[in-house]
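J.: Curious how this folds, go ahead:
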Amino acid sequence: MRRLQIGERTFLWRVSHRHRVRGDDEVERCAEVFRAYEDGCRRGPLELAFAEGDGRGAGYPQSGEVWQRGGGGARSLDLHRPRMARAIIELALQRGWAPAERALLVDGWEWFDALEREMNEVPGGAAT
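T.: Residues are numbered from 1 along each chain as shown. From the prediction side, this is the model:
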């Protein structure tokens, strides 16, 4: 796992790829998964899963990349970037994640727009 310091707190994070079977069609679907813990607080992980679907991609063409079509083109985020990890963790904390108390499991697509805005507002933090 990778380490990230945010203020006085240390977080451990990683990005992984999952395959799973969904629905009656038995089609294999993929998901990119961001997972983080506060150092010493393993019982309350943060997990964002970006599952592929209609107009959405995960882990292709590169590991850690998630994208969706819309607005005249494709928009993407690179989950492997430390700046993205920081944005995800900060957003989770703002939305009530308490690492020492409970897990937070999120459909990553629900946070896509907020994360993209954050990355585009930070110098050198462009989403793609």
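J.: residue ranges for the strands of this protein, please.
T.: Under the criterion DSSP state E, strands of the chain are mapped to 2-6, 9-22, 27-38, 41-51, 56-58, 65-70, 73-78, 104-107.
J.: Just the angle for the longest helix seen in the chain relative to strand 73-78, thanks.
T.: Looking across the chain with DSSP state H, the single longest helix is helix 82-94. Here the directions of helix 82-94 and strand 73-78 differ by 90 degrees (axes from the mean of the first three to the mean of the last three Cα atoms, to 10 degrees).
J.: Who's the closest spatial neighbour of Ala51, skipping the chain neighbours?
T.: Using Cβ to Cβ, 6 or more residues apart in numbering and skipping the chain neighbours, the partner closest in space to Ala51 is Ala31 (4.1 Å). Quick note: C-beta positions are derived from backbone N, CA and C, even for glycine.
J.: What's opposite that neighbour in the beta bridge?
T.: Counting by DSSP bridges, Ala31 is bridged to Arg18, Ala51.
J.: quick one, what contacts it?
T.: When the contact criterion is Cβ atoms under 8 Å, 6 or more residues apart in numbering, the partners of Ala31 are His17, Arg18, Arg20, Ala49, Phe50, Ala51, Glu52, Ala58, Gly59.
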